[in-house]
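Q: Got a sequence here, can you model it:
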Amino acid sequence: VRNGDDFDADLFEIFFQVMLTAHAALVFYLVQFSEIQMKFRRNLPIPLIKTAGLYLLTYLILLLPELAFMLVNNHGNLQISHIVFQYGSAVAILFLYTGVLYGCGLHMDSYMLFVFISFIMNFFLQKTGQHFLAMLFTLVIAFIVFKSHYYSFERAVKEEN
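A: So this is what the prediction gives:
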């Protein structure tokens, strides 16, 4: 995102969205492992909010290297609040990918189509300059999508068996 001595914020926004798209595969494998290898987890009395919190905590930890990279390499180029809101948006977007993946029934083709569409949508949403509102909007939508698809995925799996 550096061109000589200039910092290009537009290139940073594009790079950031590409980085999130690359992490979409990790979300797929995490949810697939959770639902296929650890089926017993569904029978545990864990509330939906704690399951959502588990995914959010996982994504917070998963994206810590990106946060550290942005803080070290973009010091002076971007405000700290902008970097923190970008990090929060990234966590919210990965959580949104989780809810969509449950809605897609763990099918990679339809999931990746949504990831591509969300790449474009999030890029334009970030360009509004309202980073906190963009992060909050994405997080609210992610919770709604996760809540609506988490238990429907369970019913779909039971009907298949």
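
Q: Let me know the distance separating Leu48 from Gln37.
A: Using C-beta to C-beta, to the nearest Å, one gets 21 Å for the distance from Leu48 to Gln37. Yep, even glycine has a C-beta here, placed from its N, CA and C like the rest.

Q: Looking at the two now, which is surrounded by more residues?
A: Set Leu48 next to Gln37 and count neighbours by other C-beta atoms under 10 Å: Leu48 wins out with 12 against 9.

Q: So the more buried one sits against Phe143, correct?
A: No. Leu48 is not in contact with Phe143 according to C-beta atoms under 8 Å; the separation is 9.7 Å.

Q: can you pull out the strands in the protein?
A: Ranges of strands in the chain, per DSSP state E, are 2-3, 6-7.

Q: Least reliable of the ones you listed by average pLDDT, please.
A: Averaged per stretch, pLDDT over these is lowest on strand 2-3, reaching a mean of 50.

Q: separation between Asp109 and Gly88?
A: 29 Å.

Q: just Phe40 next, same as before
A: 32 Å.

Q: more crowded one of those two?
A: Per other C-beta under 10 Å, whichever of Phe40 and Gly88 has more neighbours is Gly88, with 20 against 7.

Q: Nearest residue to that one in space, please, no chain neighbours.
A: Met135 (4.5 Å; C-beta to C-beta, 6 or more residues apart in numbering).

Q: pretty sure that neighbour contacts Phe85?
A: Yes. Counting by C-beta under 8 Å, Met135 does reach Phe85; the two are 5.3 Å apart.

Q: Counting neighbours, go ahead and name the busier of the two.
A: Met135 (22 against 19).

Q: tell me the pLDDT at the more buried one?
A: 86.

Q: Same question for Val91.
A: 93.

Q: That one touches Leu56, doesn't it?
A: Yes. Between Val91 and Leu56 a contact is recorded at 6.4 Å, counting by C-beta under 8 Å.

Q: Those two: who's more crowded?
A: Val91 (24 against 19).

Q: so how far is Ala68 from that one?
A: Taking C-beta to C-beta, one finds Val91 at 15 Å from Ala68.

Q: Number of residues surrounding the closest residue to Tyr97 other than its chain neighbours?
A: Spatial nearest neighbour of Tyr97, excluding adjacent residues (C-beta to C-beta, 6+ apart): Val27 at 4.6 Å. The burial count assigned to Val27 is 24, neighbours taken as other C-beta under 10 Å.
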